[in-house]
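**Q** Dropping a prediction and its sequence here:
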Amino acid sequence: MQLEEVLRSQAPSVLSALVRRYGDFDACEDAVQEALLAASMQWPGDGVPENPRSWLITVASRRRIEALRSEAARQRREEAVGVQPEPLAAPAVDDSLTLLMLCCHPELTTQSQVALTLRAVGGLTTGEIARAFLVPEATIGQRISRAKAKLQDARFALPPADELPARLTAVLHVLYLIFNEGYTASSGDSLHRVELSTEAIRLTRQLREQLPSEGEVAGLLALMLLTDAR
């Protein structure tokens, strides 16, 4: 597995762990991006660590703690920060499903859900998402920023059992939209945008692994694979 693929596959679970521990989706994403950058510079020479997820979580956690300390010093709010926590250890549970559900929160528009899912769970940059949908990078950036602002106080946890079916429906809808746009582009000179359809399949596989008993997830994955094969 190439380095870029390793980093991309680990990013959602690292971000999930940080958001669960520290809150503040936006700041945690910045910390994860710094950890990914550090890995891309260090791993080619030192080699990929035995547990890359744990390495990334530790580094990202340190970056988040450093930001908290810096913010506390600037705003003279050391009392609010209290005792500085130790760097976060890699949790036993992968929260990628929770992160995917959060990105498809019902308070967000469908466009925002798609953009945030591709950024936070898919690991695409703002520029890559903008190029995929043929819109200005600033437009995608604004959508993602507004989505994060709306989710600022959202609880990082799987929705209650009575809300789970509706939220799962939204997740499947977003994944289908991403795949559809990749398979048959709605605009532009290119008929296919392989990077989008490939990413939709990857995320749906991940969802299938975490929800093996959900027939709708298996059905969507089968439909994507059949359509992609044709």
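**A** Great, that's in hand.

**Q** CA atoms for contacts and neighbours, from now on please.
**A** Will do.

**Q** what separates Glu29 from Asn51, distance-wise?
**A** Glu29 sits 20 Å away from Asn51, taking CA to CA, to the nearest Å as the criterion.

**Q** Same question for Ala39.
**A** According to CA to CA, Ala39 and Asn51 sit 12 Å apart.

**Q** what does Leu102 give?
**A** Relative to Asn51, and taking CA to CA, Leu102 is found at 26 Å.

**Q** now do Gln113
**A** 31 Å.

**Q** Cys104 too?
**A** 29 Å.

**Q** Settle it for me: which of these two has more neighbours?
**A** Neighbour count, other CA atoms under 10 Å: between Cys104 and Asn51, Cys104 has more, with 26 against 9.

**Q** so that one makes contact with Val171?
**A** Yes. Taking contacts as CA atoms under 8 Å, Cys104 lies within contact range of Val171: 5.8 Å.

**Q** Residue ranges of each domain in this structure, please.
**A** As given by the TED database, the domain ranges for the chain are 3-80, 95-229.

**Q** buried set for the lengthiest helix in the chain?
**A** If you go by DSSP state H, the chain has its longest helix at helix 52-75. For helix 52-75, a neighbour-count test (16 or more other CA atoms under 10 Å) marks 52-65, 67-69, 72 as buried.

**Q** still on that earlier bit, the domains of the chain into a markdown table, with extra columns for mean pLDDT?
**A** Formatted as a markdown table, the domains of the chain follow (pLDDT from 0 to 100):
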| stretch | mean pLDDT |
| --- | --- |
| domain 3-80 | 84 |
| domain 95-229 | 83 |
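
**Q** Pull the distance from the helix or strand containing Cys28 to the chain's centre.
**A** Using DSSP states H and E, Cys28 sits in helix 25-46. Distance of helix 25-46 from the chain centroid (CA atoms, centre = their mean, to the nearest Å) equals 14 Å.

**Q** the inter-axis angle of it versus helix 52-75?
**A** Calculated by axes from the mean of the first three to the mean of the last three CA atoms, to 10 degrees, helix 25-46 forms an angle of 130 degrees with helix 52-75.
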